[in-house]
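Engineer: Provided below for reference: sequence and predicted model.
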Amino acid sequence: MNAFAEKLVLDRLTPAQFVQVLETLHMLGSAGAGIELSSLSTDVLVDVVRRASRDQLKAIADHPELRPVFLDEIFRRMSDHFSPARARHVDCVVSWRFSEGSGEDGYDRFQTVIEDGMCVSSPDLTRTPDTTITLSVDDFIRMATGNAAAAAMFVTGRVKVKGEYAPAVRFTSYFDIPKPSVD
């Protein structure tokens, strides 16, 4: 168990307290204190999500400042954890739609392009998608950090796919996502 998550005793915080801790971390980062979400290792971020309850993650998804911070942070890290060897011969454009968003149609949107052995993600939607994946931010946070099985989320309807199904089903296999630590 990592020291950061252990010291916070995340599972004992109410959703409001959990958000307050993350707001403070974000505020310190914005003030240039050198303590910020982007400075946490991916291992620590994965453990924070693992220890968080569904209600705590939903509170992040509902928070007007933390929601985009978490989405930006996860998409920023995608290229760091991309495994070109696993995505050999893969060229695909995946559009992401996150429900209850601030976009004009009620969704927050991102796009991930995998081609020529590279992975780039951005909120700029300039490419025609091969597939569009729609899900909630809290489910995405859990899935992107390896704290939820993507296949189970597809089967239960928590994740909706429009377009080619294969890129959506195989997507997480193109990344080396740190495994949550076990207590």
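Structural biologist: All right, it came through fine. Keep in mind it's a predicted model, so treat the numbers as computed, not measured. Residues are numbered from 1 along each chain as shown.
Engineer: CA only for contacts and neighbour counts going forward, please
Structural biologist: OK.
Engineer: where does pLDDT dip in this structure?
Structural biologist: Within the chain, the segments meeting pLDDT under 70 span 1-11, 180-183.
Engineer: residues contacting Asp124?
Structural biologist: Taking CA atoms under 8 Å, 6 or more residues apart in numbering, we find Asp124 in contact with Phe110, Gln111.
Engineer: can you tell me how far it is from Lys179?
Structural biologist: Distance, Asp124 to Lys179, by CA to CA, to the nearest Å: 29 Å.
Engineer: Ala61 touches Leu135, doesn't it?
Structural biologist: No - the criterion here is CA atoms under 8 Å, and Ala61 misses it with Leu135 at 11.5 Å.
Engineer: these two: who's more crowded?
Structural biologist: Neighbour count, other CA atoms under 10 Å: between Ala61 and Leu135, Ala61 has more, with 25 against 20.
Engineer: I'd assumed that one was in a strand, is it?
Structural biologist: No - counting by DSSP: H, G, I helix; E, B strand; the rest coil, Ala61 falls outside a strand, being helix.
Engineer: excluding its backbone neighbours, what's nearest it?
Structural biologist: Of all residues not flanking Ala61 in the chain, Arg67 sits nearest, at 4.9 Å (CA to CA, 6 or more residues apart in numbering).
Engineer: quick one: that neighbour from Arg127, how far?
Structural biologist: 24 Å.
Engineer: comparing these two, which residue is more hemmed in?
Structural biologist: Neighbours were counted for Arg67 and for Arg127 using other CA under 10 Å; Arg67 has more, 20 against 12.
Engineer: any chance you could give me whichever strand or helix holds that one in CSV, C-alpha atoms only?
Structural biologist: Taking DSSP states H and E as the criterion, Arg67 maps to helix 66-81. The C-alpha trace of helix 66-81 is given here as CSV (Å, rounded to 0.1, in the frame of the first residue of the first chain):
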residue,chain,number,x,y,z
LEU,A,66,-12.1,18.4,-10.5
ARG,A,67,-13.9,16.6,-13.3
PRO,A,68,-11.9,18.3,-16.2
VAL,A,69,-8.7,18.0,-14.1
PHE,A,70,-9.1,14.3,-13.7
LEU,A,71,-10.1,13.8,-17.4
ASP,A,72,-7.2,15.9,-18.6
GLU,A,73,-4.8,14.0,-16.3
ILE,A,74,-5.9,10.5,-17.4
PHE,A,75,-5.8,11.5,-21.1
ARG,A,76,-2.4,13.1,-20.6
ARG,A,77,-1.0,9.9,-19.2
MET,A,78,-2.3,7.7,-21.9
SER,A,79,0.6,8.2,-24.2
ASP,A,80,3.0,7.5,-21.3
HIS,A,81,1.5,4.1,-20.7
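Engineer: brilliant, that's me finished.
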